[in-house]
Every structure is written in structure tokens, then in C-alpha cells.
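Peer 1: when you get a sec, could you give me coordinates for this:
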Amino acid sequence: MGEAVFARRASGLVREASLLDTIFFGMMNNAVAVCVWFALSAWYYYPGANPWIVSALTLPFSLIFATVWGILGGSMPRSGGSYVYNSRIIHPTIGLAVSFANAGFVMLAWVWVLAPWVGEVGLPIWASVMWQNPEAVSYWTQGVGLLIVSMIVNVVAFVVVMLGLRTYFKVQNVLVALQILAVAMAAVIFMITPHQKFVEVFNHWASQYGSPSFDRTIALTNAEWPIPETWNWSATIGELVPFSWFAIYGYFITCIGGEVKSPRKNLFLGQFLNILISSVLGIWCILAFYRMVGWEFLHVQAYIDNEYPGWWKMPIYSIYGCYAAMLTNFNPVVGFIQAAGYIGGDFLWVPASYIFFSRGLFAWGMDMLGPTWFTDVHPKFGTPVKLHLLTFILTSAILPQYCFWPEAYGAVSVETMQLVSVFGITSISCMIFPFRKKVRDIWEASPYKTWKVGPIPYATIAGALTLVYVGMLVYGSYSPEIMTGYMRIWTCIYIAVWVLGIAWYFIWKAYRARQGIDITLAFKELAPE
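Peer 2: Coordinates of the predicted model:
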């Protein structure tokens, strides 16, 4: 009976993602139009961060990070992402715990945070750039109104993923292209606008609405929240965290590794190119904005965005896309692209979380670490419909909590769980991949086995450097004093989820053993295509 585990049927998933689909799937999760806002807003948490140094550190580290996931994905091209790699290279308990935290918990948490962001942040941006009146949509930014928006987003996401990857990619590719256009447009506007011109335009609109002038805005902010006179290393390392949002989250590609055409080539290229393009776009826009507004206002816009003091009467949210629209005298085309770029980018995170959740649990099912219906694939749409339905039920149940009791720092807290549970552990897997006897056959078949720096495999070097990067990001997550209380709570949540993940493995191992099936045999090979 122990051999029964090897009689597994083929997955039923279809390799239908082209290289462009794959690149854009990574760029979707980097969501540069959303994450540039988040990175600029984070100067409130990390006052004194040097944008030039943060950019100089982010680009090389993010590209090394991309190669870690490219090497692992190209060597083990199966859907399920980090679960597949860590369960084979380290141990199935670690693989399951990492995946339980990421696919099983974090993806639900992202829907909990990001579906409401469409109403909480996206609609005020729309009202700012199209109507110069963010208050016009205030009903939809909280309570019942926010819940209605969030549920609409969740229902649309559910429908999109239920129709299969092919339909999802059609939606994704349009919205990712719109994000690229939005960020590039804002960067160009900031580049061609001299500092003095920005001050003149700012003062014009301030006088129209009775808001303080540029200089007065800086003075009022400095009185309430002192602006550092110069940069410091602690904040600079900390600011790597929000920059990482648009720089490293293209790792998402690995969750559909079994559905990418020519995976040995396209998984690596997709990882590298999506992170390169996203990083360059995000850094370009942020540095152009900084050149235009200057050191003090870089901090001012972040303070206002987080606090919105009573004296701020400007007709816009303090967000880069709104400033871009303001500089064009609220040109409707510019305004539409900026708002749609943000809302589209935020929306895509929701169906993508469905996809990742389903592929994670699907991979567990392929190794018999879950009920048999985890591996059911709809014959027409080629998608695990039952798992998408499960995601919809769970996320619909938790959305009211955020809508009525918003978690201001939930996004950063969720990210930290991924840094430790996913990126850190997977970096170790990449480091030791060339030396593990249990995966020797996989390594020898890998197209990257000949990549070396002297006698040392590049996979080992890339894994070690990525671990250093992850360490800096974890430090940045815990360093702000404002985050201390939240991180203590979320650290307990991390530990609890890991314990549940390990327990899940042993429960299903024992259950299969009673059926006469030794599931440990599954981890001596890759799951079927």
C-alpha cells in the first residue's frame, strides 16, 4: 500500500501562461502604481531615510532575489511555489509550515487588507484627480459603505478566477499595462517640473481652497512632527521595507510554475524581468518626485498622508498620483490614468491571492496532505473551482472585521510574516540546493547547475545574499517605534500559524498512514505535471 502515493494522476493544470503573461503576473504582484504610494507614505515611519541609498541598495538586492526564485522555479516547475521547493530541499514539515503561513494564511490576510483599499484609498484618489473633492466618496471609505465596495471587489475577483487563467490573464495584462503607463507618466511629469514650478502650482491651489502655502505647510508639519535635517542609516535601512513592495513580490510567479509554457526558460526570465522593470519604474518615479519637491516636502507629504491634519484643505489626497494630476491642472486623461492605475493595481491583488491560495492547497493535495478535493480541477476552465469557492467563503467572512475596525498597519504586519516564513526559509533552500543528496537528481537536471562563481554554485551565493537582504527587511519591519505594539501581536500570530502548519502535516501524515499510505515517499520526487 505504501506505493499507492506514486499512483497519482497528472495535475490537470494546463501550461498556458506565455512569457508576457508570466512577466506581467510578477509585475501584477509588485503593483508598482500602488507601491510607489506606499513607499512615499512610509517616510512617516522612517523619517530621515535617504532615497538615493535606498534605491542603490534595492535594485541589486532585488535582482539577486529574483534569481533565487528563478533558479528554484526553473529547476522544479510545479505549481505551489515555495511549498514545492522547501518540502523537497529541507523537509516536508518546513515546506508545509511555510506554505500554510503564506498560501493558507497570508493570502487570506491580503484580501482582508487589499479589497478594502479600493474604497479606503482608491476611491478618494479618483475623487481627488477627477473632481478635486476626496470627501465626495467619504461614505464608501468606512463602515457599511466600505464593506459594500470590498464585497463587490471580492465577487468580481471570484468570477474572474473561476473562469480560468486565460480569462484572468486578459484582465491582468490590461491593468498591468495601465499601471506601467500611470507610473511612467507621473515620473515624466515630475522630471520636467522644476522645484519652483511645483511650489507655484501648490500655492495656487492652496490659495484657492484656503490651505496653507508651501512654506507654511512645511512649518506646520515641522511644529507637529519634526522633520530630520539630514538622513540616518536606521531609517534608510527601514525604508527598504516599503521599497521592497514594488521590488521583490514578483516571486508570485512560482505559484503557477506548473502552468507556464517552456518553464525552464520562462520562469527564470519572468522572475528577472518583472522585478527589473518594476524596480526601475518605482525608483525612477520616487527619485523624480524627490528631486521636484525636496527633502522637507518628501517628509511633509508622508506626514499629511498618514495624519491628514485639520489645516490641510487641498482638494487632493497627499499621494503622488494626485500631485501629478494637480501639476497638469487636473487634466481628465492624466487623472483617469492615475486613478485607474492605482485601483486596477490594487484590485489585481485580490484575484491573484485567490490563485496563490488555491495553488498552495492544490500542491498539498498532490502530496496527499489534504482532502482529495484539493486537487479537483474543472475540466473546462482548468482551475481548482472548489478551492476558489473556499477562498471566497473565508474572505467574505473576514472582510467585515477590517471594514468596521481598520488595521492601520496590517499591510506591514502581513508582509513581515512573508519575509520570515517565505523569503528567509526559501533563501536557505536555494543556498543548500546544490549540496542536498535527497534532491541530487533534481539539481543535476537543473539548467543552472553550471552557474558558478569560482568553485561556488551561484545558487548558494544568491541564497546567502538574499538572506542578508531579508535580514535587513525584517530589521526595518521591527525598528519603527510606532510599529512596536503591532509587531508584538503579529509575532504571536506568526508563531501560532507556523504551529498550525506543522500540526497539519503530522495530522495528515497519520491519517494517510492509517490508510496504508506512506506520504514521505512523495517527497522523493516532484509531483506529476
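Peer 1: give me the next element, helix or strand, following the longest helix along the chain.
Peer 2: For the chain, the helix that runs over the most residues, judged by DSSP state H, is helix 263-307. Next along the chain after helix 263-307, taking DSSP states H and E as the criterion, comes helix 320-327.
Peer 1: give me the helices and strands touching that next one, please.
Peer 2: In this structure, helix 320-327 makes packing contacts with helix 32-41, helix 123-131, helix 165-192, helix 195-209, helix 263-307, helix 332-366, judged by 3 or more CB pairs under 8 Å, 6 or more residues apart in numbering; DSSP states H and E. Backbone N, C-alpha and C define where each C-beta goes, glycine included.
Peer 1: send me that helix as CSV with only the CA atoms.
Peer 2: This file holds the C-alpha atoms of helix 320-327, laid out as CSV (Å, rounded to 0.1, in the frame of the first residue of the first chain):
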residue,chain,number,x,y,z
TYR,A,320,2.0,61.2,-5.8
GLY,A,321,-0.7,60.4,-8.5
CYS,A,322,-2.8,63.3,-7.2
TYR,A,323,0.2,65.7,-7.3
ALA,A,324,0.8,64.5,-10.9
ALA,A,325,-2.8,65.4,-11.8
MET,A,326,-2.6,68.8,-10.0
LEU,A,327,0.5,69.7,-12.0
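Peer 1: quick one, that helix and helix 165-192 angle?
Peer 2: Using axes from the mean of the first three to the mean of the last three CA atoms, to 10 degrees, the direction of helix 320-327 lies 50 degrees away from that of helix 165-192.
Peer 1: what mean pLDDT does helix 320-327 have?
Peer 2: The average pLDDT within helix 320-327 is 97.
Peer 1: buried residues of that helix, list them for me.
Peer 2: Buried residues in helix 320-327, defined by neighbour count with 16 or more other CB atoms under 10 Å: Tyr320, Gly321, Cys322, Tyr323, Ala324, Ala325, Met326, Leu327.
Peer 1: cool, stretch 99-119 as well?
Peer 2: 99-119.
Peer 1: show me those residues that map onto helices.
Peer 2: Among those, the members falling in helices (DSSP H) are 99-101, 107-117.
Peer 1: between those residues, which is closest to Leu146?
Peer 2: Pro116 (5.6 Å; CB to CB).
Peer 1: list the residues that contact the closest one.
Peer 2: Leu146, Val149, Ser150, Leu399, Tyr402, Cys403, Pro406 (CB atoms under 8 Å, 6 or more residues apart in numbering).
Peer 1: can I take it that the first one is in a helix?
Peer 2: Yes. Note on Leu146: a helix contains this position according to DSSP: H, G, I helix; E, B strand; the rest coil.
Peer 1: what's the per-residue pLDDT of it here?
Peer 2: On the pLDDT scale, Leu146 gets 97.
Peer 1: correct me, but it touches Glu120?
Peer 2: Yes. Counting by CB atoms under 8 Å, Leu146 touches Glu120, with 6.2 Å between them.
Peer 1: and those two? Which one has more around it.
Peer 2: It is Leu146, of Leu146 and Glu120, that has more neighbours when counted by other CB atoms under 10 Å, with 25 against 21.
Peer 1: now that one: how far from Gly119?
Peer 2: 5 Å (CB to CB, to the nearest Å).
Peer 1: list residues touching both of the two?
Peer 2: Trp140.
Peer 1: can you check the distance spanned by stretch 98-111, start to finish?
Peer 2: 19 Å (CA to CA, to the nearest Å).
Peer 1: which other residues reach that stretch?
Peer 2: With CB under 8 Å, 6+ apart, stretch 98-111 has contacts from 80-83, 86-87, 154, 157, 255, 349-350, 353-354, 356-357, 359-361, 363-364, 391, 394-395, 398-399, 410, 414, 417-418, 421-422, 425-426, 494, 497-498, 500-501, 504.
Peer 1: got it, and stretch 58-67?
Peer 2: 240, 243-244, 247-248, 250-251, 268, 271-272, 274-276, 279-280, 283, 423, 458, 462, 465-466, 469.
Peer 1: whichever of those end up buried, select them in ChimeraX.
Peer 2: In ChimeraX syntax, the buried subset of the contacts of stretch 58-67 is picked out as below (16+ other CB under 10 Å):
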select :240,243,244,247,248,250,251,268,271,272,274,275,276,279,283,423,458,462,465,466,469
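Peer 1: mind checking the SS state of Tyr46?
Peer 2: coil.
Peer 1: Tyr46: neighbour count?
Peer 2: Count around Tyr46 with other CB under 10 Å applied: 24.
Peer 1: list the contacts for it?
Peer 2: So, once contact is read as CB under 8 Å, 6+ apart, Tyr46 ends up touching Ala235, Thr236, Gly238, Glu239, Pro242, Gly476, Pro480.
Peer 1: pLDDT-wise, what's the bottom of those residues?
Peer 2: Out of the contacts of Tyr46, that is Pro480, at 75.
Peer 1: which phi and psi does the nearest residue to it once chain neighbours are set aside have?
Peer 2: Excluding the flanking residues, the one nearest Pro480 by CB to CB, 6 or more residues apart in numbering is Tyr45, at 4.5 Å. Main-chain dihedrals, Tyr45, degrees, to the nearest 10: phi -80, psi -30.
Peer 1: tell me the pLDDT at Tyr45?
Peer 2: pLDDT, read off for Tyr45, is 91.
Peer 1: poorly predicted segments of the chain, please.
Peer 2: 1-10, 407-415, 417, 482-487 (pLDDT under 70).
Peer 1: residues of stretch 190-204 that come out buried?
Peer 2: So stretch 190-204, judged by 16+ other CB under 10 Å, has buried residues Phe190, Thr193, Phe198, Val199, Val201, Phe202, Asn203.
Peer 1: which residues are in contact with it?
Peer 2: 213-214, 217, 285, 288-289, 291-294, 320, 323-324, 326-327.
Peer 1: identify the farthest-apart pair in those.
Peer 2: Ser213 and Cys285 (25.6 Å).
Peer 1: and these two? Which one has more around it.
Peer 2: A direct count of neighbours by other CB under 10 Å for Ser213 and Cys285 places Cys285 higher, at 30 against 13.
Peer 1: got the contact list for the more buried one?
Peer 2: Cys285 neighbours (CB under 8 Å, 6+ apart): Val32, Val36, Val183, Ala184, Ala186, Ala187, Phe190, Tyr320.
Peer 1: quick one: Thr93 and Ile502 touch, right?
Peer 2: Yes. Shown here, Thr93 and Ile502 form a contact pair, counting by CB under 8 Å, at 5.4 Å.
Peer 1: as JSON lines, the contacts of Cys285 with distance to Val171 would be great.
Peer 2: Shown next, in JSON lines, are the contacts of Cys285 (distance: CB to CB, whole Å):
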{"residue": "Val32", "distance to Val171": "17"}
{"residue": "Val36", "distance to Val171": "22"}
{"residue": "Val183", "distance to Val171": "19"}
{"residue": "Ala184", "distance to Val171": "21"}
{"residue": "Ala186", "distance to Val171": "23"}
{"residue": "Ala187", "distance to Val171": "25"}
{"residue": "Phe190", "distance to Val171": "29"}
{"residue": "Tyr320", "distance to Val171": "25"}
